[in-house]
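Engineer: sequence? don't have it. structure:
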C-alpha cells in the first residue's frame, strides 16, 4: 500500500454519498433536502474525476462527464429552488413532510 | 507520509466533517455555509486528482452560483427564528440504517474490486484538452447542455415569475415588544 | 539594476540554505518559501491599502477643489496610519442578536478571498508567487467567496439594513460577474491560455497589447469590474442615504476595517487584472518591470476613483437592466466578433 | 503542477491567521464595555422591532436564478476559448449555436419581463 490510490478517493466518495443519502431521507426543509442532493452529486463527481485520473488518464473522459454533471446539477438546483419558492408562496412552508398535495 | 497523502486526509476530513454538519445542523443557514465548505474541499480533491480546471469550475458554479442561490432561497422561505421546530423527520433511525448499510456495501465492494489502474500520463495544461474533447467527441452533449440550460432558464422564469404567483395576504407583523411600546408611548 | 527578481531568487536561495541546514527536506523549503512569500504579499497588501485610502481622499478632494487630509505628516501622508491605529483601538461591539459564529467569520472570508487572489498576480518579471495554469479562472473563482462573505455578514447581523445591503450587493456582484467573465473569455480566445504569466509574456511589445484587439472587451471589463468592487456609480449596496452602511452596518473597529481593507484590495485587484489582460502587464521600456506594473495598475485605480467623482449613483433597477440588457448582449457580440476576427485573420 | 496549489493553501491559511491575529490584537488594546443599549440592533436610533430574518423580495431571487444559468455557460466557454484557435470553423459554428440557444433564453426572460426590477 503506497500513498493514496483510486480506492481512497472512491471510499471518500462513498462516505460523502451516504451522508447525502442520510440527509435526503431525514431533512424536513426542502432546501436542506436539496443540499443533501448536492452532496450526492459531488460524491459522484469525485468518483468520475478519480476514474479519469487513475483508469483513463490519457483520455480524460471522466472529467468531461464530471463537468456535464456540474452543469446538470446547476440546472437542477435552479428549477428545484424555483419550485421551492413557488410551494412556499402557496403553502407558507417548505416542510417536505407536509408537501403532499400531489397525492390523491 | 508524503504531502499528497497528508493533503488528501486533511481534505477528506474537512469534507466529511462539513458534510455531516450540513445534514445535521439545526440552522439551515449554517447548513448552507457548511455545504460551501464541503464543496470547496471537493475542489481541493479535484486539484489532487490533477483536474484544476474542474476545481475552478466547481468553485465558480457550486460556491459562486448554486450555494448562493440556496442562501437566497433560505432567505425567501425560512423563518429562521423558528429554530425550535424539529429539523429532521422521524426517519432518523431508518435513514441512519439505510445509509450505513449502503456505505458498508459500497466500501466492501470497492476494496474487493481490482481496478484497471493505468499509468499513462495525464495531458498537460488546464482546460485545453477538455475544450477539444467538448467540441469534437462530446459535441452533441455539449449542445444538449445549452438546451438543458435553456430549459432550466425558461422553467425558472415561468415558475418564479411574479404574476404567476397568487399574492396571499401578508402575515401580520410581529407585535412590538414591551420595551418598544413604552418608548413609543 | 532595480529588477527585483534577483533579490527574490537570493532570498529564496537563502531560505533554502537555512532550512536545509536545519536538516529538513525540500518540502519544508517550499513551505517556508511560500510562507515568506505570503507574508510579503500580506504586508504589500496592507501598504497598498494604506496608500490607496490616502490617495482616494486626496483625489476626491482635488476633484472637489479641496485639499483633503493635510495635518498628519506631509500632505496628510500618514493620515491613514493614524486612522488605522484609531480603528485598532475601537471597541469591537458584537450586537446581542447576531448569529455569532457567522458574524465572526464573515470578515475573515471576505478578506481571505481578496488576498488569496495574489497567489497568481504577476507583479513583475519573476515576481509571481505561483503561475497557476488556471490563472485567471482561479482569480475569478476565488473572488466568488467575496459574495459569500458579504451574504454571511448581511445575514448574521440580524439587521434590516445589513440584510438588504448584503442581498443587493450579492445580486449586483453576480449580475456583473457574467459580463466580466465573458469579456475575459474573449481575451482567452486570443491568448489560448489561462496562465497569467504567459498572458503577460505574449504582450511584450506595445502593439501586442490585447487592448488593441479587444477594445470592446476592455470597456465591458472596466464597467463590470467597477460594479464588482461596489464603486460609484454602482455603490448601491452601501448607499449611505438609503441603507446606512449596507452589510457592514453592525460591524465596528477592526472587523469593519477588514471589510474596508478587502474592498480597497479588490479595487487594486481588478486594476491589476486589467493591466495583465489588456495593457501588457509588467512589460515596458527603461523602468524595472514591477514599476511598470505599479504605474499601470495605479492608473487603473485612478480611473475607478475618477468614475466615483464624476458619475451619480444609478438606481437599482437601472443597475440591473444595464447588466442584463446591455452589457451581457454586448459581451456576447464581442465574443462572436472576436471569433470571426480570429477566423478571418488567422495566420 | 499540483504542488503549485500548495501556494493557495498556504495563502488561505496565512490569510486566516493574519485576520485572527489582528482581531486578537484589537481585542487586547480596545476597550470593552458592552451594555444592552449598545448591543442592540442599529435601526437609525429607533428601538428595533421584530426580526430582520424575514422574507425577502423575489426580485433578487429571479436574477440569481438567471445568473446560475449564465455562470454555467461562462464556465463552458472557457475550455472552448482555449481550444478555439486550433479547432477552426466547426468550433466557431458549434459555439454560435450554443450561445444562440442561451441568448434565446435571455430574450425569453426579457420578453416575460423578469429582467425588469418593478
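Structural biologist: Ah, there it is. Everything numeric in this text was worked out from a predicted model, so none of it was measured. Numbering: from 1, shown residues only, chains lettered A, B, ... in the order given.
Engineer: CA atoms for contacts and neighbours, from now on please.
Structural biologist: OK.
Engineer: any buried residues in the helix with the most length in chain A, and which?
Structural biologist: Taking DSSP state H as the criterion, chain A has its longest helix at helix A:61-91. The neighbour-count check on helix A:61-91 (16 or more other C-alpha atoms under 10 Å in any protein chain shown) flags A:61-89 as buried.
Engineer: that one near chain B anywhere?
Structural biologist: Yes. Using C-alpha under 8 Å from any C-alpha of the partner chain, helix A:61-91 comes into contact with chain B via A:61, A:63-64, A:66-68, A:70-72, A:74-79, A:81-86, A:88-90.
Engineer: does any bit of that helix sit next to chain C?
Structural biologist: No. Counting by C-alpha under 8 Å from any C-alpha, chain C is not contacted by helix A:61-91; separation bottoms out at 14.9 Å.
Engineer: that helix - contacts with which helices or strands?
Structural biologist: helix A:30-54, helix B:52-58, helix B:68-77, helix B:128-135, helix B:139-160, helix D:58-83 (3 or more C-alpha pairs under 8 Å, 6 or more residues apart in numbering or on different chains; DSSP states H and E).
Engineer: mean confidence for the second one?
Structural biologist: The predicted model assigns helix B:52-58 a mean pLDDT of 90.
Engineer: what does stretch C:23-41 give?
Structural biologist: 84.
Engineer: and residue D:15, how far from chain C?
Structural biologist: Counting by C-alpha to the nearest C-alpha, to the nearest Å, the separation of residue D:15 from chain C is 5 Å.
Engineer: can you give the distance of the helix or strand that residue falls within from its chain's centre?
Structural biologist: Following DSSP states H and E, one finds residue D:15 within helix D:4-29. Offset of helix D:4-29 from its chain centre (C-alpha atoms, centre = their mean, to the nearest Å): 22 Å.
Engineer: now stretch C:60-76
Structural biologist: For stretch C:60-76, the distance to the chain centre is 25 Å (C-alpha atoms, centre = their mean).
Engineer: and for stretch C:147-159?
Structural biologist: So, by C-alpha atoms, centre = their mean, the centroid of stretch C:147-159 is 20 Å from its chain's centroid.
Engineer: cool, and stretch A:28-44?
Structural biologist: Worked out by C-alpha atoms, centre = their mean, stretch A:28-44 lies 5 Å from the chain centre.
Engineer: also stretch C:135-149?
Structural biologist: 10 Å.
Engineer: packing partners for the helix holding residue D:15?
Structural biologist: helix C:26-63, helix C:79-89, helix C:100-116, helix C:253-278.
Engineer: run the angle between the second one and helix D:4-29 for me.
Structural biologist: Put plainly, it is helix C:79-89. Relative orientation of helix C:79-89 versus helix D:4-29 (axes from the mean of the first three to the mean of the last three C-alpha atoms, to 10 degrees): 70 degrees.
Engineer: give me the number of residues near residue B:96?
Structural biologist: Neighbourhood size, residue B:96 [other C-alpha atoms under 10 Å in any protein chain shown]: 18.
Engineer: kindly provide the distance from it to chain C.
Structural biologist: Residue B:96 is 28 Å from chain C, by C-alpha to the nearest C-alpha.
Engineer: for that residue, give me its contacts.
Structural biologist: Counting by C-alpha atoms under 8 Å, 6 or more residues apart in numbering or on different chains, residue B:96 touches residue A:22.
Engineer: same thing but 10 Å
Structural biologist: A:18-19, A:21-23, A:25-26, B:102 (C-alpha atoms under 10 Å, 6 or more residues apart in numbering or on different chains).
Engineer: now those as CSV including secondary structure, neighbour count and distance to chain C?
Structural biologist: Output for these, formatted as CSV (DSSP: H, G, I helix; E, B strand; the rest coil; neighbours: other C-alpha atoms under 10 Å in any protein chain shown; distance: C-alpha to the nearest C-alpha, whole Å):
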residue, secondary structure, neighbour count, distance to chain C
A:18, helix, 25, 27
A:19, helix, 29, 23
A:21, helix, 24, 26
A:22, helix, 26, 25
A:23, helix, 30, 22
A:25, helix, 22, 27
A:26, helix, 26, 25
B:102, helix, 17, 34
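Engineer: from those, which two are the most distant?
Structural biologist: A:26 and B:102 (15.5 Å; C-alpha to C-alpha).
Engineer: enumerate the residues of chain B near chain C.
Structural biologist: B:2-3, B:29-30, B:33, B:36, B:52-61, B:63-65, B:67-68, B:71-72, B:75, B:124-128 (C-alpha under 10 Å from any C-alpha of the partner chain).
Engineer: make a ChimeraX selection of the buried ones in those residues.
Structural biologist: Per 16+ other C-alpha under 10 Å, the buried members of the residues of chain B next to chain C correspond to this ChimeraX selection:
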select /B:29,30,33,36,52,53,54,55,56,57,58,59,60,61,63,64,65,67,68,71,72,75,125,126,127,128
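Engineer: can you tell me the closest non-neighbouring residue to residue C:225?
Structural biologist: residue C:270 (6.2 Å; C-alpha to C-alpha, 6 or more residues apart in numbering or on different chains).
Engineer: so the one you found sits against residue C:231, correct?
Structural biologist: No. With contact defined as C-alpha atoms under 10 Å, residue C:270 does not reach residue C:231; the gap is 11.8 Å.
Engineer: these two - which one has more neighbours?
Structural biologist: residue C:270 (23 against 20).
Engineer: ok, the more buried one - contacts?
Structural biologist: Taking C-alpha under 10 Å, 6+ apart as the test, what residue C:270 contacts is C:139, C:221-222, C:224-226, C:228-229, C:276, C:297, C:300-301, C:304.
Engineer: now the longest helix of chain A: how far from the chain's centre is it?
Structural biologist: 10 Å.
Engineer: with stretch C:189-208 instead?
Structural biologist: Taking mean C-alpha positions (C-alpha atoms, centre = their mean), stretch C:189-208 and its chain are 20 Å apart.
Engineer: would you mind listing the buried residues in that stretch?
Structural biologist: Here stretch C:189-208 shows C:189-200, C:202-204 as buried, counting by 16+ other C-alpha under 10 Å.
Engineer: next one: it, is it in contact with chain B?
Structural biologist: Yes. Part of stretch C:189-208 sits near chain B under the criterion C-alpha under 10 Å from any C-alpha, namely C:192-195.
Engineer: quick one: is that stretch near chain A?
Structural biologist: No. Interface with chain A: stretch C:189-208 contributes nothing (C-alpha under 10 Å from any C-alpha), its closest point being 17.9 Å away.
Engineer: any part of that stretch near chain D?
Structural biologist: Yes. Stretch C:189-208 reaches chain D (C-alpha under 10 Å from any C-alpha) through C:189-194.
Engineer: re earlier: need the residues of stretch C:189-208 next to chain B in a markdown table with secondary structure and pLDDT, can you?
Structural biologist: Listed next are these as a markdown table, based on DSSP: H, G, I helix; E, B strand; the rest coil; pLDDT from 0 to 100:
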| residue | secondary structure | pLDDT |
| --- | --- | --- |
| C:192 | coil | 85 |
| C:193 | coil | 86 |
| C:194 | coil | 87 |
| C:195 | coil | 87 |
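Engineer: relative to chain D, which of these is nearest.
Structural biologist: residue C:192 (4.3 Å; C-alpha to the nearest C-alpha).
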